[in-house]
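Engineer: Return a 3D structure for these sequence lines:
(one chain, ligands or ions: 1)
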Amino acid sequence: MSDLIAAIATPPGRGGVGILRLSGPGAAETAGQVFHPAGKTALADAPDRQLLYGQMVDNSGRVLDSGLAFVSRAPRSYTGEETAELQCHGSPMVLSLLLEAVTARGARLAGPGEFTRRAFLNGKLDLTRAEGVIDLIDAETPAAARQAANQLSGALFRRAEAIYSALVDLSAHFHAVLDYPDEDLDPFRAETMAQVLRDQAAALEKLSATQRRGLAVKNGVLCAIVGRPNAGKSSLLNALAGYQRAIVTDIPGTTRDTVEVKVELAGVPFRLVDTAGVRESDDPIEQMGVERSRQAMEEASLILVVWDGSQPVTGEDRAILAQAADGRPVVLVWNKSDLEGGPLPAGALPENVTPVEVSAVTGQGLDELERTLARLAGLSDDGRPDEVLTNARQAEAVGRAREAVTAALDGLEAGTPPDLLLLDVEEAISALGELTGRTVREDITARIFERFCVGK
Ligand code: GDP
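Structural biologist: All right, here's what the predicted structure looks like:
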């Protein structure tokens, strides 16, 4: 496993800087063979993480580029192994020749996520932090990046470890009781144990409840924009996104497919989906768009219904609103407020419909719309915990731990024998072990690291 691996760590294409990374036995020496320092110190002899300036050479020793290099020895490196990094100009040709030069000297091309996988196997990162690395690389909004950084810094890991450790202590107590099978659990001891279980059940419950926020922040709160053709859906999406993402024209039916953008509005990440409208059509392409619109509307947590405020409200407008207002929060956007037109017609709106008057063209009312959307997303009332669950794997493990702790608690209160209670406690410990990767499940870890890019 711990052979020498190498990969280009910077993204494909040209850029200011390009980085080649090596990890494994001989990393410093191999990197030193393709890097000739300007000073007297050879790369292999340099102190940890001290940058050296010098020249990079290709397979046959010809100068390729000049740049910086450093080594970082085990165990104080990202992977926990001996590592070296060469920083040259961001030229795909220079980088591929450098990679060729180190592979010719025995390094092997790294697979996706292999550096981080080694970090995990060497105990430098637990699985939740490794997942934080992927989420951080994939983050598309500031909130998603902050959340991933928090996970990477170990917020979820520490919470999981605290529960894990309380349960390990408890299982030790059960073992002690089991060593004296003739004695019953005395009531005082049973109550102390019950309290530990109650506390851990509550902590796990709280953790489970963070999944909605975690996913919403990571992926964005899905918000479908619906309305009659020409009401201004695409214009509104563009105005909220701050750039021209959807094609805006005054020919009805231009948005044939769904258009999606991720934006952060008033601090809340959203996935805004501009739909093709929900009207019937004979055009097969338009029909596909209509189908996707229906799907987006079904899955959305929030719906923006756009009415053209410069025109009389039509039966179709009302039908779309009625279809959207099926219990989810709906914002009724009375658009084109810059044009001649009356105020939103008086009339009782369903309780879950919040009207906002805007102009997608002048931007008037957009601030209020953003605040309304952020409020309706409903993410601000859960105390913004630092530790949040951000994927189904984590949620499943926490759910399993929670069920097992609850079963142990119920059993303890019902007078179940300690050996059976112990099984439940151990099940909870093993579920938490999977969450952080203490209990390594090869199939699961392999799947996690496959999602990484090469060079990370
Ligand atoms: P969609 O079919 O609902 O996506 O509507 P579009 O966004 O393509 O807009 C249809 C037309 O209405 C375009 O000509 C837009 O420029 C215009 N429009 C959209 N919003 C406004 C607005 O707030 N004020 C004015 N004056 N025109 C708007």
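Engineer: hey, let's count contacts and neighbours off CA atoms from now on
Structural biologist: Will do.
Engineer: Hmm, Asp274 and Trp234 touching each other?
Structural biologist: Careful, residue 234 is Ser and not Trp. Yes: if you go by Cα atoms under 8 Å, Ser234 and Asp274 touch, sitting 6.3 Å apart.
Engineer: Okay, strands next: where are they in the stretch 351-456 of the chain?
Structural biologist: 353-357 (DSSP state E, counting those that start in this stretch).
Engineer: Contact residues of it facing the ligand?
Structural biologist: 359-361 (Cα under 6 Å from any ligand atom).
Engineer: which regions of the stretch 151-300 of the chain sit below the pLDDT cut-off?
Structural biologist: 181-185, 243-257, 276-290 (pLDDT under 70).
Engineer: What ranges does it have for its helices?
Structural biologist: 155-178, 187-208, 211-219, 233-241, 284-299 (DSSP state H, counting those that start in this stretch).
Engineer: returning to what we had before: any chance of the residues of the stretch 351-456 of the chain next to the ligand in a markdown table with neighbour count and pLDDT as columns?
Structural biologist: Shown next, in a markdown table, are those (neighbours: other Cα atoms under 10 Å; pLDDT from 0 to 100):
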| residue | neighbour count | pLDDT |
| --- | --- | --- |
| Ser359 | 22 | 95 |
| Ala360 | 23 | 94 |
| Val361 | 15 | 94 |
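Engineer: re the thing from before, quick check: which of the helices of the stretch 151-300 of the chain is buried the most?
Structural biologist: Highest mean neighbour count among these (mean count of other Cα atoms under 10 Å): helix 233-241, with a mean of 23.
Engineer: now it, how far from the centre of its chain.
Structural biologist: Relative to its parent chain, helix 233-241 has a centroid offset of 25 Å by Cα atoms, centre = their mean, to the nearest Å.
Engineer: and it, C-alpha only, in CSV?
Structural biologist: Extracted in CSV, the C-alpha atoms of helix 233-241 (Å, rounded to 0.1, in the frame of the first residue of the first chain):
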residue,chain,number,x,y,z
LYS,A,233,-39.3,34.1,-14.5
SER,A,234,-36.0,34.1,-16.4
SER,A,235,-35.5,37.8,-15.7
LEU,A,236,-36.1,37.2,-12.1
LEU,A,237,-33.7,34.3,-12.0
ASN,A,238,-31.1,36.4,-13.7
ALA,A,239,-31.7,39.3,-11.3
LEU,A,240,-31.4,37.1,-8.2
ALA,A,241,-28.4,35.3,-9.6
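Engineer: let's number from 440 now, not from 1
Structural biologist: Done: numbering now begins at 440, and the last item shifts to helix 672-680.
Engineer: Remind me what that helix packs against, helices and strands.
Structural biologist: strand 660-666, strand 698-704, strand 707-713 (3 or more Cα pairs under 8 Å, 6 or more residues apart in numbering; DSSP states H and E).
Engineer: tell me the mean pLDDT for stretch 846-854?
Structural biologist: Averaged over stretch 846-854, pLDDT sits at 93.
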